[in-house]
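Participant: Based on what follows, work out the 3D shape:
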Amino acid sequence: MKHDLNYIAALEKAISEKYGEIAAANPRANWNEEKEKEYLEQSKEKAKKEAEADNTQEYIQLDGILIPKKLINNNNKRKCEYCNRYSFNRNDDLFLTKYETCYKCYVVYIEDREERWKQGWRPNKPEQK
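Facilitator: Below is the predicted model of the structure:
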């Protein structure tokens, strides 16, 4: 690819005028060995803190899956009232919040019966396996 140096210079000038000199500057221009060492130290410290946090987390086993305890919020119901499935599916979020059921149970038990559901009607729960 042939580079037109006049075009590049004009482009850099336009960027500098519109966004300031720092926008068109080479990112390596202000980088040096000292900043590189500081960055690497910060990266190592961050990785160390994350590893320590992972080691101190408590896990709960739900349906054969280990889930960090801090992710389980008692205010958010993630378990379907009817099929007892624990769901992280985004499609189920609305139905779990509004009806306390997953999408599949919504279709089977609630769809076209929303008014009855809001008035307190509930079908018999299916037998648990």
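Participant: Average pLDDT for stretch 91-111, rounded please.
Facilitator: Taken as a whole, stretch 91-111 has a mean pLDDT of 83.
Participant: which other residues reach that stretch?
Facilitator: With contact meaning CB atoms under 8 Å, 6 or more residues apart in numbering, stretch 91-111 is reached by 76-83, 85, 87, 89, 117, 123. Just so you know, the C-beta spots here come from the backbone N, C-alpha and C atoms, and that holds for glycine as well.
Participant: Adding distance to Ala25 as columns, could you present these in TSV?
Facilitator: Shown next, in TSV, are the contacts of stretch 91-111 (distance: CB to CB, whole Å):
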residue	distance to Ala25
Asn76	46
Lys77	52
Arg78	48
Lys79	54
Cys80	55
Glu81	59
Tyr82	60
Cys83	58
Arg85	54
Ser87	49
Asn89	46
Trp117	61
Pro123	67
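Participant: I'd like to know which of those residues is nearest to Tyr59.
Facilitator: Closest to Tyr59 out of those is Arg78 (15.7 Å), distances taken as CB to CB.
Participant: residues near that closest one, how many?
Facilitator: Look at Arg78: counted by other CB atoms under 10 Å, it has 18 neighbours.
Participant: List the contacts of the nearest residue to it once chain neighbours are set aside.
Facilitator: Closest residue to Arg78 apart from its sequence neighbours, by CB to CB, 6 or more residues apart in numbering: Tyr86 at 5.6 Å. Contacts for Tyr86 (CB under 8 Å, 6+ apart) come out as 62-63, 78-79.
Participant: What subset of the residues you listed is buried?
Facilitator: Among the contacts of Tyr86, the ones that count as buried by 16 or more other CB atoms under 10 Å are Arg78.
Participant: mind checking the SS state of Ala14?
Facilitator: Counting by DSSP: H, G, I helix; E, B strand; the rest coil, the backbone at Ala14 sits in helix.
Participant: how about the contacts of Tyr86, which pair is most distant?
Facilitator: Asp63 and Arg78 (11.2 Å).
Participant: The helix or strand in which Asn55 is found: how far from the chain's middle?
Facilitator: Using DSSP states H and E, Asn55 falls within helix 33-56. Put simply, helix 33-56 sits 23 Å off its chain's centre (CA atoms, centre = their mean, to the nearest Å).
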